[in-house]
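>>> Predicted model follows, preceded by the sequence.
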Amino acid sequence: MRFLIVDDDERVRRIIKTVVADLSDEVYECSDGSQAHSSYAEHLPDWVLMDLMMPEVNGIEATRQIKSSYPAARIVIVTSHDSEPMRDAARSAGACGYVLKENLFDLPQLLTAETRSAKQGT
């Protein structure tokens, strides 16, 4: 699988990259939501792992931008913000998952289940 990791913290990108290493063939990175759309267009990853809070363009807006051009894009929010309004905003923007950074080891299971579900057409 090909991943695009969008997070303003290089250490977090590195950790996420390690967590998905067994699933990944290629991993691309960018440090802000302002770069996410062009990076998605260039690499067409299977998954986008998107932070919420970034300095220029936040993850909700970046998710909207990607989904408006690429409706089939699969985006999982990876954040430390655990609130129902944020989860709702992420869903409304088009994210198909929401994982807290404190639970990063749940990420491979979510990605595997979502990929399996997409292949089965459910």
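Looks like it arrived, so ask away.
>>> before we move on, could you check phi and psi at the nearest residue to D8 once chain neighbours are set aside?
With sequence-adjacent residues excluded and distances taken as C-beta to C-beta, 6 or more residues apart in numbering, D8 is closest to M54, at 4.5 Å. For the C-beta atoms, the positions are set from N, CA and C on the backbone; glycine is no exception. Backbone torsions of M54, given as degrees, to the nearest 10, read phi -130, psi 160.
>>> pretty sure M54 contacts V12?
No. Contact criterion C-beta atoms under 8 Å: M54 and V12 do not qualify, at 11.0 Å.
>>> Helix, strand, or coil at the most centrally placed residue in the chain?
What sits nearest the mean C-alpha location of the chain, by C-alpha atoms, centre = their mean, is L49, with 1.9 Å. The three-state label for L49, taken from DSSP: H, G, I helix; E, B strand; the rest coil, comes out as strand.
>>> Longest helix of the chain, counting residues only.
Using DSSP state H to define each element, the chain has its longest helix at helix 107-120.
>>> Need the CA coordinates for it. CSV is fine.
What follows is helix 107-120, C-alpha atoms only, in CSV (Å, rounded to 0.1, in the frame of the first residue of the first chain):
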residue,chain,number,x,y,z
LEU,A,107,-4.0,2.1,12.9
PRO,A,108,-2.8,-1.0,11.1
GLN,A,109,-5.9,-2.9,12.1
LEU,A,110,-8.2,-0.1,11.0
LEU,A,111,-6.4,0.2,7.6
THR,A,112,-6.4,-3.6,7.0
ALA,A,113,-10.1,-3.8,7.9
GLU,A,114,-11.1,-0.8,5.7
THR,A,115,-9.0,-2.2,2.8
ARG,A,116,-10.6,-5.6,3.1
SER,A,117,-14.1,-4.0,3.3
ALA,A,118,-13.4,-1.9,0.2
LYS,A,119,-12.2,-4.9,-1.8
GLN,A,120,-15.4,-6.8,-0.9
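>>> If anything else comes up later, I'll come back, but that's it for now.
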